[in-house]
Structures are given as structure tokens and as C-alpha cells.
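**Student:** Prediction below, plus the sequence it came from.
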Amino acid sequence: MKKKGLSKVDLIFETIDAKVVLEKAFSMTSEEIIQQILESSLKGRGGAGFPTGLKWKYTAAEKDPEKYVICNADEGEPGTFKDREILDRASYKVYGGMAIAGRAMGAKKGYIYLRGEYRFLLPQLYLELHKFHKMIAEIGYDFSIEYRMGSGAYICGEESALFESIEGRRGEPRNKPPYPTSSGLFNKPTSINNVETLVTAMMIIAKGAQEYVKLGTKDSRGSKVFSVSGDTPVPGIFELELGMTVQEFVTEFGDGDTKAVQVGGASGFCVPRKKFADTIIGFEGVPTGGSMKLFNSSRSMYNVLHNYLEFFSEESCGQCTPCRVGCQQLLKGIEMVKKGEAKSTYLYELVKLADTMKVASKCGLGQSVGNAFKSIVENFREEVIY
Amino acid sequence: MYNTGNMVKELAEKHGRKRESLMPILQDIVKKHNYLTDDAMVAVASELDISAAEVYGTASFYTFLDTEERGKNVIRVCKTITCSMKGKNDIIETLEDMLKIKVGETTPDKLFTLLETNCIGWCHKAPAMLINDMPYTDLTSEAVIDIIKGYMH
Amino acid sequence: MITLKINDHEVKVEEGTTILTAAKNLGINIPTLCNHADLCVAGNCRVCVVEQKGARTLVASCATPVSEGMDIQTNSLKVRNARKHIVELLLSEHRADCTKCYKNQKCELQTLANEYSFGEHIFLDLVGNHEYTVDRSSPSFIKDDSKCIRCQRCVRTCSQLQHVSAIAVANKGSHMKISSFHDRPMSHVVCTNCGQCVNRCPTGALTEKTYIDQVWDAIYDPDKHVVVQTAPAVRVGLGEDLGYDPGERVTGKMVTALRQLGFDSVLDTDFTADLTIIEEGTELLTRLKKVLLEGDKNTALPMFTSCSPGWIKFIEHKYPQMLPNLSTCKSPQQMFGALAKTFFAQKRNIDPAKVVSVSIMPCTAKKYEADRPEMRSSGYKDIDFVLTTRELAVMIKQAGIDFRSLEESPYDSIMGTSTGAAVIFGATGGVMEAALRTAYELVTGKPVPFKNLNITPVRGMEGVKEATIKIEGTIEEWRFLEGAELKVAIAHGLVNANKLARAVSTGKATYHFIEIMACPGGCLGGGGQPIPTNAAIRQKRMEAIYAEDMHMDIRKSHENPEIVAIYNEFLEKPNGHKSHELLHTHYVSREAY
């Protein structure tokens, strides 16, 4: 496979004339918009990577006249902060993306679910929203957006938990099926997209899918905003073309002593140095919602894992057995092994437990706890035990 | 403790009395008073015609909808991995020394509550904390002391 | 119809059927915990996960509808491994002191542990990591969080069936738990003590507070005269805990068993059910007279029945403004209690201080009712101990009685004779039907105009029922009712009670008389009845109740000869001075949380 190397892109933050793009979008039919998004191969930028075009297509196909577009701005994955930056610098494009999504699927109403930790952004976001509503009215199109706030619950980034939260309940994920595209917010057809996805969609409409697919690889088209943190001399937000290897990434962002990169946050995968060169950042390798955390040799991977497991033990909604109890067992389990109160072979039992959590948990949270657990335990077994 | 008075009724007028109004109402109360008293939750339950246990159950799900008494300024220091790696413990120590309270406690003058919280999205500028809604980043012990002094008046 | 394969067998089922049900149709049992026939699907315990060919994860069979061509394995290695892990995880959070547990051998988690988790436990014990509390504040039940598996059956019961939500899910993650409002004791929240949650809890987290030992102590105390009364619904439920199929009537055997247990007098709540009809019927007619004839503005209509202590506590918390609408009549249990230590003791020449009054109830709220401070009209605690149907079954087993082989025997007299009108108190609509049988005849001198006295419009399992009875051919005293249409309504399950109460409180409904039972199906579906209870079982018990009615010689309360006698000898007249002293009560307004 041809390696793409690392190249910086300026798509998400590029200044555009939103009105021109929206007028273009509103002159297109629903099918034309969805076709463009499908052709772009855009996959959700929140982390799960579901094809955006399909999501829109399914929602558009629903007969119910009442539908919703939701922007998921409950960015809570440890190590991810790009949505805050996008909202801070380019919220008009988020609104524009939502309006285009609304046009594509026939929804007149959008909600942005913003995590409580970002409440300080609201005054500015409302100013921009006011301008957006004015512009939409000028164009003569019917679409409005409201903000709904989170209040400190990581799980509300899970789409059905987010609906529950907007509906005024505990953010406990729902059973699926039914999927949001047929029964989402208020049990109406709903398309829920990440902040960056919506902006990217708007840029695809602006520039055309043909232009967009020039970026990235077959499985991971386009570019993506990365949140870079940890042991790096240049922490921050970087928009990069997809397709690079972890090695290329580390060469650019590492401090010369990088021993591991956690790709995709606490729910993502830990890539050790020996796998840097062979691991592509993207859907063909390790997918990510943008969180890239670098660890140098001064860090204990036990501490990293312990921190993640504490996080999940607290942030699991607690309703389903594998996740609620599994997280506690993994956490207590590594503590006992570390203290020598459980045999190191107990880690094998815990790895099996992580597998059960992956297949038996109700939602993506419990299903992904095992990613970090297994990749750290398997690659840094010595550090975890001793 | 604060007096609930007409606040809940007014918020119900503003946000409506459907179940989906619950979060905005609770959030507005917390914005004003930093936590939910039992009286406030009972009043919300009555306005929305749901049970008080459901209001409590919902509020207690969300870390920021505190149901225990909190001070005027709630400090939430991020404890997730990057902040932890970049000196969170020093920040906590500085705050504990300065405010003479431990994590989870409120100063006797009810001016500050010190808490830890999960990732607040400032990993590139770790360590970070929130005081009420406001984020503070790239913290050092010296910076923290200055920041807190600013809230003492 | 949808065709799918389960364990390589093809099955056709209706669209919308879950995998769990489809498997059941094939005779394949998939274990469940959070699932309950009366409740909405939760899908949170994950015990019922199965393997679906082509799916990334296992799927919860209780929550996943079938789809065309689905290929399911319910017992593959992957499924068994996951299921074993899940059971072990639940056990690791669960204080498994099974031999000390009230639910020992009746625990659904224990059953699963028996199938999936024998030998050494895989995982670490987390019980010590949790600050579990045991709440014994209610006289009706114990809430032991260390036994809780967070399946939320109780929470769904309290919300969906009862519209109470005294308990809800609180906190998240490892701290998630089932909590009252801000962890207040259950005795200090809106809980009605109905015990529907107790009936549905799969483990020992919610159990009735048992008084079996106290009752044994009384029985073996030679100084005490222990009187026992049995509620109408007990006789159609008890059999289920003693190996009978739902719907078996075991009245005669139960009476024999009670005698063998050593109760000194085996009497019947049905007697005071008949008495309730006289008192409550008179109260209704008096209210009608005051309102319709005299235009009295201070008399409240409609009148609500007051037999169900769960309903009483519900209205005290939620609709205190409607307390004047409640009949002042005590429940049959408490009428019985007041008379046992007065009338009965006098007649039998026993020192009332030595009478111990025990009642067997399908109900946990009755334990609370007996503890109410108002319930001491005899000068003593009118009812000393309340046992549920389940507790009676336990006593019968403890005594080594071979229930099936027992001869049938009749209740003792006095306070043991009853009518068919009394036994139907056990089913929703029964109090209404019994009241109408008597009130109509009192007013017109003729039996109610329904074939075989069966007032079918008030029967059945519909949540809210309504009926209108036209009164014709009144006797002189009740002439003002001539041609009047008596409008009645019936609700069972507090979620339905709430609908009626709200309609009345907002003036949207105009009824004269409303029967409310807190539990689905009425007392036959009470919180103290055998586990499991569900719609199919409630139906069977209801059929048994009406069969028992048809089987009685006398089917109208006012024709009960003991009732006639007690007015002649003791009470003088319905709603008279003595009645008010012993048989009527008052209510209190309570907090809304």
C-alpha cells in the first residue's frame, strides 16, 4: 500500500462565504446532496465512523414529517478538544452543515448538544447563531437551531444517551434497534452528527465530492482534525490528511522519546513503538475521533491504564452489567495484580472479561473499554504487573 | 442553603413544564446557586408533575448538577490522564493549602468548593481546571494562587 | 410473518416478536433477569444475550425484534462464556449470604448462579467497595442494596404500574443505585408500601418484612388467644406457593392448615368485607342524600373506596385535597381488628389484652396499615401482625404440613361467615359489584337487574372501567333517587388510579362512586401474593375469585346472617355511633416526595 505521508490541510477552519454555500445547497435536491456526501465517502468524525451519507439517506427515507438534525458537541473523549476549537473558530460552518443536513433529510429543526464543560463558549455561539438565523431567513429557508446543554456526563456523547438527556432523563443508552435514523430524539427520525462531520459535509458541498476524495486513502477519505497532547513539544489542534502512519505522526509531533501513542482516547487503542511504522491512522488501521496522546519513556503505562479505568468506572452510565461491573473489576483487578495480591495470570482472566464487555455491553462505551485495556496489557504487560 | 422562593415557578414558565424542560431548569438553578437543594428539587418535581425521586435520580446522574451543598465558586480540577501527567497533583496541593480544605470539601465561608473532574477538553494546555464555567489552563502553582485571589473579592 | 432460525430450527413468528419470545415458542429457554412480563423492556442485565450470525456483538434477546433470515444461537460457546461472566459480575457486586437470605431458593440470581457459576468465583469480590445500606424503615418491606443487581424491575414497576416513583435510579457508573428521593428512608417518602416491587424483585434486595417468628411466638404462648383472618384473595393465590397451578381455590384446605398451625380461632376477613359493604353502602347513600336532596355543599362526591391501604397512602401524598372524598370506612382488615378485640372477645369471654390478632393478606401495605396510629380503636393495637400469602405458605411448609392431603373445613364462627359479595373484594371491581348488589336492593327492594347478580360491566382487567346503573322502582325513603343514573368507575393499579383521581380533581369526571385498588388486578395481584405474578396469572386468580362467588350460598352482604346479628347485638345500626368509633377512620395529608 502506498503510504500517504503527513500533510497539513486547511479545510475545517478555512473561511468561506456560508451564504453562497447554503444557497448552493438549497438549490440542490435532497438526493443530490446525499449523493455528494456518499461520493465523498465521509465517515463520522466523532469516532465511530459510520458513513455520513448513509445516515442522511436513511433519515431522508423516513416518512414522518417531523425529523431532527442533531449536532453532537458532547466532546468528552479524554484527549479530544477539536470540537471546542471548531465551535470557537467556525461555528457558522457547524450551523451551515446542520442546515444542509436538514435540507438533505427534510428536517426543519436542529439541536446542538454542547457539553457543560464548554458552557463558557455560549455567549459567542449565540451571537453567531443569531447571525445564522438571520441569514437563513434572508435566503428564505426554514431551519432553526437550539442549544441543549450537557452537565458533565461522558456517556451523553453516545447518541441515544444524548437523546435521553435532551428529553430530560438520565443519559442511559437505549436498546438498538430501533436506530436513530428511524426513531431518535422524541422517537422521531434523527440524524445525529459530530461537529466536525457537519463542517466537513458543508465543505464537501462547497468544493464538491470529487475534490474531497483527492485527500486520504480508500478507506479513510479526506482530512481530519487531530487533538494532539501528552508528551509533545507542540500540543494543539492540527488538521491532517488521513492515511499517515503512527510513525509519521510521531516524527512530526513526538519529543524524540515516544514509546506509545494512544489513538482515539480512553476508548481507543494504544500503539507501542514497535508498531508505529505499520499502523495507519484511519479506518484501515486505528480509527480515531481525533484524540492523539503521546507518551514518552518516563510514563508508566500502568498509570495510564489506571487513569482510564477510573474514568470509565465513573462515566459508565451504570445500567448494564458488563460495563458497570466490568469496569470496576478491570480497575480493581490491575490494582490487585500490581500490589501482588492477585497472580499476574489474573490478567488473562481480565482480558477475557474485556472481550465479554466488547460483545455483551449495551452500548459503545462498554464495548470499547476493552480496546485500551487489551492494547495496553498486551503491549506493556511488564509495566502493568511490576 | 438558599431560598427557593418563586425561582422554580419562574423557570418553569421560561422553559416549560414538559419532561424535556427538566435539564434546562436544573441547569439554571445550578448556574445561579451552584447546587440543588432538596426544596428546589421538590419544587421542580411539583412543577413538572414528576416524582421527586426522579428529579433526584436525573440530577445525580450529571456530575455538574450537584445535590450536595457547594460554595459560591466551584473549582473542578481535571484529573484525566494528560492533566494528571502534567502536574494535577501539585495544583490540587496548592489549592488545598491555600483554601485549607480537601478535595470534596467546601470552605467554611462557603466561598469555594474544591472538586476533581473528568476530562474538560484542555489536554493541550494541561493542567487545567474550571472555576464555575470558566476554564483556566497551563496552570502552575503560582498562577493558581493568583486566580483564586481574584475570586476572593 | 418472519422466518428465522434459532439453534438451527426454523421458526415463523409475527413481526415485532422478540428473539426471546420466538425461542420460547420453540421450547428454548433463554435466561433473563431484568425482563418481566408486566414491564417494558430494559435490556440492561444482559443475561439473555444470544449470538446473531453476522452481528458484531451479541444481542439482547429480550430487546431485539426478529428479522427475516436471522440466524440465532442461544447456547454457543461465545454466549455461554459471556453469560457466565455476566452472572459472575452480578455475583461480585452481590452480598451472597444465601443461607441467611429470605429469598434463599426463591432467588432468580441464585438459580442462574447454580447453572453458570459453581466452584471458585472468577472475579474479585466488590461488595466491600460499595457502601450498601439496608433500609428497614418501612413496616412493610426491607430494601437491602447489597442484594440489588440493578435490573430496575422495581423502578419500572413503581413508575409504569404505580405512577409513584418513590424509587428511581440514582448516580452513575460504579455508584449507580436504586434510591429514594435523596436517600431518604422509605418510610419518609411517597412509597405506598404496595409491594409490587417486592413481588418483582428477582433477588433479596426487596423483601416483605416478615413477622413469621412473632406469630409462632404468639401461637406457642399459652396465655394468648391467637385469632387469624384471611383476606379474599389469599384463597386463590396460596396454592401457587404450595405446588398448585394458578387459579386453584384452596379455601377449605387453608382453613384446616391454619387450625393445624395452632391458631385458636380461624376467621374470615370476608365477614368484615360484608360489613364494609353495609357501612360503605350506607355512607354512599347518605352522601347522595346530602348532596342530591339537601344540597349540602360540604359533602364530597364522588366517594372513593378506602379498602386499599396503598391507595390511601397514594392519595394522602398526591391528592390531599381529595381526602374528603375518601370513604371513612376502615378496610375490612382493620374493621376485623377493631371487632376482634371488642365484640369477639366479649362474645367469647376472652380478655382482649390476651387476644393476638393476625391477618393473612395478599398485601404488604396491610402491614403498614396495621401500624397506623389511628388503628387502635379497640384500645389495643387492633391488628398485631400481618403476614402475606407467601409468609403463610412458608409457615405451612415450616410446620411440615402436607397441604394437598388436607381435608377441607369451614371457618369458625363468629366472624367466620361470609357471602359471595365479600370474596369478590379480591378482584378489581369486586367491591363495586358487592356494593351495588346491596345498595340497589336497599333503595329499590329488588335485586340488581343483572343475570345471576353478576354485574359484568364492572368486571375484568381493563385499567379503568365505567358503568352507569339506572335506579328504578325506589322505595319511599329513597324516592329522590328515582330514575337517577348512578355513575361509577373502577381503577386498579395506581397508574390507573391516578388517571381517575386526576380526572376527578380537575373536574373532568363526574362520578358518584369510585372503587380503587392499588395493585394491578386488585388484591389478587397484590404485592404479597405468590411470585411470579403477571397478567396471565392474575387472570387465573380472577376466574377463581368469581367461581368462589358463584359457589357461595349467599351472595349479598346484607343477607349474611352474622352481619344481621352483629348489628342487632352490638353495632346497633350502620354508620351509627359504635360503628363510627370502631369501623371508621380519618386520613392525613402527607408530603409530596
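**Tutor:** Received it, and whenever you're ready, just let me know what you need.
**Student:** From here on, just use CA atoms for contacts and neighbour counts.
**Tutor:** OK.
**Student:** Apart from its chain neighbours, what residue comes closest to the residue of the stretch 251-400 of chain C found nearest chain A?
**Tutor:** Evaluated by CA to the nearest CA, the stretch 251-400 of chain C has residue C:318 as its residue closest to chain A, separated by 22.1 Å. Beyond its immediate neighbours in the sequence, the residue positioned closest to residue C:318 (CA to CA, 6 or more residues apart in numbering or on different chains) is residue C:592, lying 6.1 Å away.
**Student:** Next: residue C:581.
**Tutor:** Closest residue to residue C:581 apart from its sequence neighbours, by CA to CA, 6+ apart: residue C:377 at 6.8 Å.
**Student:** Make sure I have this right: that neighbour is in a helix.
**Tutor:** No - counting by DSSP: H, G, I helix; E, B strand; the rest coil, residue C:377 is not found in a helix; it is coil.
**Student:** OK, contacts around it?
**Tutor:** C:338, C:581-582 (CA atoms under 8 Å, 6 or more residues apart in numbering or on different chains).
**Student:** picking that back up, what does the model give the residue of the stretch 251-400 of chain C closest to chain A for pLDDT?
**Tutor:** At residue C:318, the model reports a pLDDT of 96.
**Student:** wouldn't the residue nearest to residue C:318 be in contact with residue C:190 here?
**Tutor:** Yes - counting by CA atoms under 8 Å, residue C:592 does reach residue C:190; the two are 6.6 Å apart.
**Student:** Need the residues touching each of these two.
**Tutor:** residue C:317.
**Student:** With neighbour numbers in mind, choose between the two.
**Tutor:** Neighbour totals were compared for residue C:592 and residue C:190, and residue C:190 leads with 26 against 18 (other CA atoms under 10 Å in any protein chain shown).
**Student:** Find the helix or strand that that one is a member of.
**Tutor:** Here residue C:190, judged by DSSP states H and E, is contained in no helix and no strand.
**Student:** give me phi/psi at it?
**Tutor:** As for residue C:190, its main-chain torsions (degrees, to the nearest 10) stand at phi -70, psi 0.
**Student:** can you pull the contacts of it?
**Tutor:** Counting by CA under 8 Å, 6+ apart, residue C:190 has contacts C:164-166, C:313-314, C:317, C:591-593.
**Student:** if you set the cut-off to 10 Å instead, what comes out?
**Tutor:** B:51-53, C:164-167, C:180-181, C:313-318, C:590-593 (CA atoms under 10 Å, 6 or more residues apart in numbering or on different chains).
**Student:** Check the offset of the lengthiest strand in chain A from the chain's centre.
**Tutor:** Ranked by residue count under DSSP state E, the longest strand found in chain A is strand A:223-230. Strand A:223-230 sits 12 Å away from the centroid of its parent chain (CA atoms, centre = their mean, to the nearest Å).
**Student:** got the buried residues for that strand?
**Tutor:** A:223-230 (16 or more other CA atoms under 10 Å in any protein chain shown).
**Student:** Point out the other elements, helices or strands, that the helix or strand that contains residue C:313 touches.
**Tutor:** Following DSSP H and E, the helix or strand that holds residue C:313 is helix C:309-318. Counting contacts by 3 or more CA pairs under 10 Å, 6 or more residues apart in numbering or on different chains; DSSP states H and E, helix C:309-318 packs against helix C:365-371, helix C:494-505, strand C:513-517.
**Student:** Chain A: which of those is closest?
**Tutor:** helix C:494-505 (19.9 Å).
**Student:** sorry, back to before: report the contact partners of the residue of the stretch 251-400 of chain C closest to chain A.
**Tutor:** Contacts of residue C:318 (CA under 10 Å, 6+ apart): C:164, C:190, C:312, C:498, C:501-502, C:589-593.
**Student:** what is the closest residue to residue C:308 other than its chain neighbours paired to in the beta sheet?
**Tutor:** Leaving aside its chain neighbours, residue C:308 sits nearest to residue C:517 (5.5 Å; criterion: CA to CA, 6+ apart). For residue C:517, the beta-bridge partners are residue C:492 (DSSP bridges).
**Student:** Tell me how many other residues surround residue C:517.
**Tutor:** 32.
**Student:** hmm, back to that, now the helix holding residue C:313 and strand C:513-517, what's the angle there?
**Tutor:** If you take axes from the mean of the first three to the mean of the last three CA atoms, to 10 degrees, helix C:309-318 sits at 110 degrees to strand C:513-517.
**Student:** Pretty sure residue A:320 sits against residue C:43.
**Tutor:** Yes - counting by CA atoms under 10 Å, residue C:43 is a contact partner of residue A:320 at 7.8 Å.
**Student:** intersection of neighbour lists for those two?
**Tutor:** A:362, C:151.
**Student:** in whichever strand or helix holds residue A:351, what counts as buried?
**Tutor:** Residue A:351 is part of helix A:346-360 when elements are defined by DSSP H and E. Applying a neighbour-count criterion of 16+ other CA under 10 Å, one finds A:346-347, A:350-360 buried in helix A:346-360.
**Student:** swap in stretch C:408-423?
**Tutor:** Residues C:411, C:414-423 are the ones in stretch C:408-423 that count as buried (16+ other CA under 10 Å).
**Student:** tell me the mean pLDDT over it?
**Tutor:** Stretch C:408-423 comes out at a mean pLDDT of 96.
**Student:** Can you check the pLDDT for the residue nearest to residue C:581?
**Tutor:** pLDDT, read off for residue C:377, is 97.
**Student:** Can you tell me how far the closest residue to chain B within the stretch 451-593 of chain C is from residue B:42?
**Tutor:** Nearest to chain B in the stretch 451-593 of chain C, going by CA to the nearest CA, is residue C:593, at a distance of 5.3 Å. From residue C:593 across to residue B:42, the span is 7 Å (CA to CA, to the nearest Å).
**Student:** which one of the two has more residues nearby?
**Tutor:** residue C:593 (26 against 23).
**Student:** my read: the more buried one touches residue B:45, true?
**Tutor:** Yes - using CA under 10 Å, residue C:593 is in contact with residue B:45, at 8.5 Å.
**Student:** buried residues in the helix holding residue C:313?
**Tutor:** C:309-318.
**Student:** between those residues, which is nearest chain B?
**Tutor:** residue C:318 (10.0 Å).
**Student:** Could you check how far that closest one is from residue C:249?
**Tutor:** From residue C:318 to residue C:249 the distance is 36 Å (CA to CA).
**Student:** What of residue C:90?
**Tutor:** Where residue C:249 is concerned, residue C:90 sits at a distance of 38 Å (CA to CA).
**Student:** most centrally placed residue in chain A?
**Tutor:** Ranked by distance to the mean C-alpha position of chain A (CA atoms, centre = their mean), the top residue is residue A:46 at 1.7 Å.
**Student:** wait, that residue sits on residue A:200?
**Tutor:** No - the criterion here is CA under 10 Å, and residue A:46 misses it with residue A:200 at 12.0 Å.
**Student:** Now the common contact residues for those two.
**Tutor:** residue A:194.
**Student:** can you pull the contacts of the residue lying closest to residue C:192 once chain neighbours are set aside?
**Tutor:** Leaving aside its chain neighbours, residue C:192 sits nearest to residue C:310 (4.7 Å; criterion: CA to CA, 6+ apart). Residues near residue C:310 by CA under 10 Å, 6+ apart: C:162, C:191-195, C:316, C:363-366, C:368-369, C:493-494, C:516-519.
**Student:** Residue A:90 is in contact with residue A:124, correct?
**Tutor:** No - Residue A:124 is not in contact with residue A:90 according to CA under 10 Å; the separation is 11.1 Å.
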